[in-house]
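below are the sequence and a predicted model; questions follow.
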Amino acid sequence: MSFREIKELRKTGKLEEALEMANQALETEPDNIWNKRAAAWVYYDYLKKSSQPDSFDAFKENLIKIKSLQLPEDEKMVFDNLAWQIGSMVFGLHKLEHVDYGKINGLLDIIKEFHFTKPSEAYSFIYKAFHKGYQNWSKYLEFADWWNFENFLPEDYLKEEFKDKKIMAIAEQAYIAYSKKLLEGELVDPFGQERAIDKNKIKIFLHQLDKIIEKRPEYQYPPYFKAKLLLALGDDENILSSFLPFAKQKRNDFWVWEVMAEIFPDEKEVQFACYCKALSLKTPEDFLVKLRQTFAGMLVERQMYNEAKTEIQKVVVTREQHEWKLPNQIIQWTEQDWYKSATPNMDNKYLYSKHVKKAEEILFQDVPEEVIAVEFVNENKNILNFVKDKQKFGFFNYSGQLDKLQIGDILKVRFNGEGQDGFYKILSAKRAETDQASDAIKYFEGTLRVIYPQNFGFIEDVFIEPKLIQDNNISNGQIVKGKAILSFNKKKNEWGWKAIELK
């Protein structure tokens, strides 16, 4: 008896004779690798014939027999061929009307000790098969940990095409699935449906998630789930501080503001502002249906029926375009009297713009506000010159932040880093309280000393320009009160005080 003879019997379809010969060989020399190999291929042929769900028991039995042979790690060919059959069986099980996860669990328990080539097409096929029903599979995390996401092939990170449609890369699907299951938690009480998240597991996975976010910045969803996992990790005091650095990087993604709203479950105004900010961003309508529906609920609660109808109509249009089912909540709203009598707007942009500033302030609340004074305003370009003190001064664009500014106004500003050639970017800006002190503003009182023939003057160390003297109709020797701003004299290359208001 030889490996070659058994192989010939297999090839001619004489599996029973091949199996009998293989078993005899094993009885004689149970540790002979050629005998084990010969038996494994016979069992493989039997397994291949029963790779459909209606032959599951026979399939599993032959798989167990192969496992019992305890083939060494270098028998990759056997294991990789098995991978295709295992994957086919699992895909088949998922197609059944009622998926038997007990059978899938049984297969997983068997193949955990198999030595597949990693990475390989066959091994990726196994992942795709078991991934198929992850939503309802209690052992998905256990499977994914065993399979190990480090084993994806380069092509697994690329989108696929099916029936002329682009399908999300299986690697991205994997990270999303794992995140969802972590957030879902594991059953603590199967009868009460109580679940608990595994914070240690989340911390470990976040490192993996960071790698995929850095490696594949084009993936939209991993950053979203990173944010959700950070929220799940944090306690009430640390949630925001954990989330803010990441949120700043993704501030133009709508979902950042959706998640931000979750951080403030008891602060309705903040939530409202966050949803306004989310909807103010340029985003395909496909992604916004749930967000708009939630926001519509907020508007209904506030009895802002015209605005609510505006959002609801957008949801209906998008869902109908894609032939998506309308949620019961939407249907109920459209049947109510307030909806029928409401007059929708073209859009709610005006509403969003009223609240986005409140949302943005949350994002940058860990950046300290600095008190500055307005030194000059160019209304046409929305540019203002400012001075904080002798060390910090320059100019920035205030569009969308402030309006109707005047020289001498005191502002509270959050700067986005250091300035370049005097130009600064800002994160937020607002008017300071009326009694806010500033190193760049001082109030003075004294006797005016006019310098002729130039007609400018001084009150102690405060420079009074000729126009200000003329406009206020004051003269030399008069007692004058006023407000001055710190100003740099380029000609003299020195700092001084310049009056901006006289009384």
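Structure received. Residues are numbered from 1 along each chain as shown.

so Ala484, which of the three states?
strand (DSSP: H, G, I helix; E, B strand; the rest coil).

ok, the spatially closest residue to it that is not a sequence neighbour - contacts?
Spatially, and ignoring its direct neighbours in sequence, Ala484 is nearest to Trp497 (4.2 Å; Cβ to Cβ, 6 or more residues apart in numbering). Every C-beta, even on glycine, is put in place using the N, C-alpha and C of the backbone. With contact set as Cβ atoms under 8 Å, 6 or more residues apart in numbering, Trp497 has these partners: Lys442, Phe444, Asp461, Val462, Phe463, Ala484, Ile485, Leu486, Ser487.

list the contacts for the second one?
Neighbour list for Phe444: Ile459, Glu460, Val462, Lys481, Gly482, Lys483, Ala484, Trp497, Ala499 [criterion: Cβ under 8 Å, 6+ apart].

and the gap between it and Pro466?
18 Å (Cβ to Cβ, to the nearest Å).

make TSV out of the contacts of Phe444 and add distance to Arg319 and pLDDT.
Shown next, in TSV, are the contacts of Phe444 (distance: Cβ to Cβ, whole Å; pLDDT from 0 to 100):
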residue	distance to Arg319	pLDDT
Ile459	70	95
Glu460	71	92
Val462	66	96
Lys481	66	94
Gly482	63	95
Lys483	59	95
Ala484	62	96
Trp497	64	96
Ala499	63	96
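
shaky segments in the stretch 151-300 of the chain?
The stretch 151-300 of the chain contains residues with pLDDT under 70 at 190-192, 235-238.

would you map the strands across it?
All strands of the stretch 151-300 of the chain, identified by DSSP state E, counting those that start in this stretch, fall at 160-162, 165-167, 186-189, 194-196.

and the third one, how far out from the chain's middle?
Read that as strand 186-189. 27 Å (Cα atoms, centre = their mean, to the nearest Å).

just the pLDDT for Asp347.
Note on Asp347: pLDDT of 96.

can you report how many residues neighbour it?
13 (other Cβ atoms under 10 Å).

quick one: which helix or strand includes it?
For Asp347, there is no helix or strand it lies in under DSSP states H and E.

correct me if wrong: it contacts Thr310.
Yes - at 6.6 Å, Asp347 counts as touching Thr310 under the criterion of Cβ atoms under 8 Å.

pretty sure Phe246 sits against Ala227.
Yes - the pair Phe246 and Ala227 qualifies as a contact (Cβ under 8 Å) at a distance of 6.2 Å.

give me the more crowded residue out of those two.
Just comparing Phe246 and Ala227: by other Cβ under 10 Å the higher neighbour count belongs to Ala227, 23 against 16.

next, Asp164: phi, psi?
phi 60, psi 20 (degrees, to the nearest 10).

an error on my part: the question was meant for Ala40.
Main-chain dihedrals, Ala40, degrees, to the nearest 10: phi -60, psi -40.

that one against Leu69, yeah?
Yes - the criterion here is Cβ under 8 Å, and Ala40 meets it with Leu69 at 5.5 Å.

between those two, who's got more neighbours?
Ala40 (24 against 18).

and the more buried one, what is it in contact with?
Ile66, Leu69, Leu71, Glu75, Val78.

ok, now Glu445?
Residues in contact with Glu445 (Cβ under 8 Å, 6+ apart) are Ile459, Ile479, Val480, Lys481, Gly482.

still on that earlier bit, out of the strands of the stretch 151-300 of the chain, nearest to Tyr452?
strand 165-167 (79.5 Å; Cβ to Cβ).

so what strands line up beside that closest one?
Using DSSP bridges, the strands paired with strand 165-167 are strand 160-162 (antiparallel).

ok, residues contacting the strand it pairs with?
Under Cβ under 8 Å, 6+ apart, the answer for strand 160-162 is Lys166, Ile167, Ala169, Ile170.

equivalent analysis for stretch 169-189, please.
Counting by Cβ under 8 Å, 6+ apart, 124, 127-128, 131, 134-135, 138, 140-141, 144, 149, 152, 156-160, 193-198, 201-202, 205, 208-209, 212, 216, 219, 221-222, 225-226, 228-229, 232 sit against stretch 169-189.

re earlier: of the contacts of Trp497, which is the most crowded?
Top of the contacts of Trp497 by neighbour count (other Cβ under 10 Å): Ala484, with 24 neighbours.

that one touches Lys442, doesn't it?
Yes - at 5.5 Å, Ala484 and Lys442 qualify as touching, with contact defined as Cβ under 8 Å.

where does the closest residue to Ile407 other than its chain neighbours sit, in terms of helix or strand?
Excluding the flanking residues, the one nearest Ile407 by Cβ to Cβ, 6+ apart is Ile500, at 5.2 Å. Per DSSP H and E, Ile500 falls inside strand 494-502.

can you give me the buried ones in that strand?
Within strand 494-502, the residues that count as buried by 16 or more other Cβ atoms under 10 Å are Trp497, Lys498, Ala499, Ile500, Leu502.

what strands flank it, and is each parallel or antiparallel?
Strand 494-502 is paired, per DSSP bridges, with strand 462-464 (parallel), strand 479-489 (antiparallel).

any idea how far it is from the middle of the chain?
49 Å.

next: stretch 358-372.
For stretch 358-372, the distance to the chain centre is 22 Å (Cα atoms, centre = their mean).

what comes up buried for it?
Quick answer for stretch 358-372 (16+ other Cβ under 10 Å): Ala359, Glu360, Glu361, Ile362, Leu363, Phe364, Val367, Glu369, Val371, Ile372.

what's the helix or strand for the closest residue to Leu9 other than its chain neighbours?
Nearest residue to Leu9 in three dimensions, chain neighbours excluded: Ala18, at 3.8 Å (Cβ to Cβ, 6+ apart). According to DSSP H and E, Ala18 maps onto helix 15-28.

mind giving me the packing neighbours of that helix?
helix 3-11, helix 33-49 (3 or more Cβ pairs under 8 Å, 6 or more residues apart in numbering; DSSP states H and E).

give the contact list for the closest residue to Phe456 other than its chain neighbours.
Counting by Cβ to Cβ, 6+ apart, Phe456 lies nearest to Pro466, which is 5.2 Å off, once chain neighbours are set aside. Neighbouring residues of Pro466 by Cβ under 8 Å, 6+ apart: Gln454, Asn455, Phe456.

among those, which one lies nearest to Ser399?
Phe456 (34.4 Å).

pretty sure that closest one is touching Phe463, no?
Yes - at 6.8 Å, Phe456 counts as touching Phe463 under the criterion of Cβ under 8 Å.

what residues go with each domain of this structure?
Per automatic domain parsing, the structural domains of the chain span 3-248, 268-361, 367-431, 441-502.

between those, which one is closest to Trp255.
Of all the domains of the chain, domain 3-248 comes closest under Cβ to Cβ, at 4.9 Å.

now the end-to-end length of the closest one.
65 Å (Cα to Cα, to the nearest Å).

ok, now stretch 377-395?
Termini of stretch 377-395 sit 9 Å apart (Cα to Cα).
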